[in-house]
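J.: I would like to see how this sequence folds:
(one chain, ligands or ions: 2)
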Amino acid sequence: MEQNRTPERTAKRATIFAVTSGKGGVGKTSLSVNLACEFSRRGHRTIIVDTDLGLANAHILAGIKPQKTLSDYIDGKAELAEIIENGPCKVKFISGGSGVKEMANLDDNGRARICVAIEELSPFCDVILLDTGAGVSKGVTDFVTLADHTILVTTSNFAAIADAYGIVKVVVQDGYQKPIHCVVNRVRSPEEAEQVFLKLKGCTERFLGFDLNWLGLLPEDSSVEGAVLKRAPFSEVFPGSVAARYLSKLVAGLERYLPNTRPAAPAAVRS
Ligand SMILES: Nc1ncnc2c1ncn2[C@@H]1O[C@H](COP(=O)(O)OP(=O)(O)OP(=O)(O)O)[C@@H](O)[C@H]1O
Ligand SMILES: [Mg+2]
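T.: Ligands and ions are numbered 1, 2, ... in the order given. Below you'll find the predicted structure:
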């Protein structure tokens with residue numbers, strides 16, 4: 001696919017970020033939805049695609065009830081344009097289908113069709129965020145491989161760090177060479193996040209010869225859980241929260257990877 005792009009198409013292409021983790025429940029979906037909102041508030045046309053196929057739940061955190069999902073697209077019951085929903089903060093949204101066994105067990109061909117569909121969104125937006133499932137299955141790594149950048153989420157839990165190393169190992173051994181940016185979630189101090197990152201980075205460098213990038217941290221913050229209960233992004237319902245402040249730093253860090261980035265308006269202008 002990469003080789004067939006004409007120069008014009010490449011110039012207009014959206015930047016694709018996959019948000020992934022080794023261990024489940026570390027905060028990928030919450031981060032994906034809020035990253036999407038913050039990109040959008042900063043003026044980037046943004047779409048979030050829930051690629052946690054069959055167990056998609058990003059729509060809940062975004063407060064959306066999807067009428068149609070990737071499952072309808074794969075079944076030939078809906079065109080790509082018909083499964084795009086309007087989300088919060090002007091973010092566009094595609095759901096991966098919830099409680100759909102066929103989607104969870106989708107074969108290589110099915111996932112390849114989804115990857116092509118994601119590429120087709122490219123001319124219509126600036127940022128595509130893929131909220132992946134956890135683990136090292138092809139249902140995760142195919143979307144990591146498609147993306148231009150991977151955002152690797154871990155907490156300071158030892159199993160989460162070990163599993164984060166596991167997913168890096170699997171994709172790097174498969175030839176992955178694009179950047180991986182690390183976010184340490186649910187920390188109680190910047191020092192805690194730094195220690196986790198240095199541990200992980202040390203292991204990937206030493207054993208895999210792969211250099212991980214630091215993106216940033218999100219603190220443990222009751223606003224995140226509070227927003228889930230409200231079925232809304234925390235950065236929308238609790239814009240003054242500590243988590244929202246750190247989120248904005250993460251997006252500022254990612255903006256440098258977008259071509260022709262316009263400077264973000266100051267917060268006062270945006271609100
Ligand atoms: N920084 C945080 N502070 C407090 N709670 C958090 C934070 N980040 C995530 N959580 C909570 O952790 C839980 C799991 O988050 P989330 O669903 O985003 O994880 P996930 O990695 O997408 O999980 P899965 O692997 O099942 O897809 C949610 O209840 C969420 O509110
Ligand atoms: Mg999730």
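J.: ramachandran angles for Arg45?
T.: Main-chain torsions, Arg45, degrees, to the nearest 10: phi -70, psi 120.
J.: does it touch Ile128 like I think?
T.: No - if you go by C-beta atoms under 8 Å, Arg45 and Ile128 don't touch, sitting 9.8 Å apart. Where you see a C-beta, it was placed from the backbone N, CA and C, and this is true even at glycine.
J.: please enumerate the shared neighbours of the two.
T.: Taking C-beta atoms under 8 Å, 6 or more residues apart in numbering as the contact rule, Arg45 and Ile128 both touch Ala14.
J.: comparing those two, which residue is more hemmed in?
T.: In this view Arg45 and Ile128 are compared by other C-beta atoms under 10 Å, and Ile128 has more residues nearby, 27 against 15.
J.: find the residue closest to that one in space, skipping its chain neighbours.
T.: Spatial nearest neighbour of Ile128, chain neighbours left out: Ile16 (4.5 Å); criterion: C-beta to C-beta, 6 or more residues apart in numbering.
J.: so the residue of the stretch 101-250 of the chain found nearest ligand 2: helix, strand or coil?
T.: Ranked by C-beta to the ion, the top residue of the stretch 101-250 of the chain for proximity to ligand 2 is Asp131, at 6.0 Å. Recorded secondary structure, Asp131: strand (DSSP: H, G, I helix; E, B strand; the rest coil).
J.: tell me the SS of the nearest residue to it once chain neighbours are set aside?
T.: Excluding the flanking residues, the one nearest Asp131 by C-beta to C-beta, 6+ apart is Ser32, at 3.8 Å. Three-state call for Ser32 (three-state DSSP): helix.
J.: Ser32: how many residues sit nearby?
T.: 29.
J.: my read: it touches Ile48, true?
T.: Yes - between Ser32 and Ile48 there is a contact at 6.0 Å, judged by C-beta under 8 Å.
J.: overlap of the contact sets of the two?
T.: Joint contacts of Ser32 and Ile48 (C-beta under 8 Å, 6+ apart) are Ala58, Leu129, Leu130, Asp131.
J.: check the residues you listed and tell me the two furthest apart.
T.: Ala58 and Leu130 (10.1 Å; C-beta to C-beta).
J.: show me the contacts for the nearest residue to Lys201 once chain neighbours are set aside.
T.: Ranked by C-beta to C-beta, 6+ apart and with sequence neighbours excluded, the top spatial neighbour of Lys201 is Leu212, at 4.5 Å. Residues in contact with Leu212 (C-beta under 8 Å, 6+ apart) are Leu152, Val168, Ile180, His181, Cys182, Phe197, Leu200, Lys201, Thr204, Glu205.
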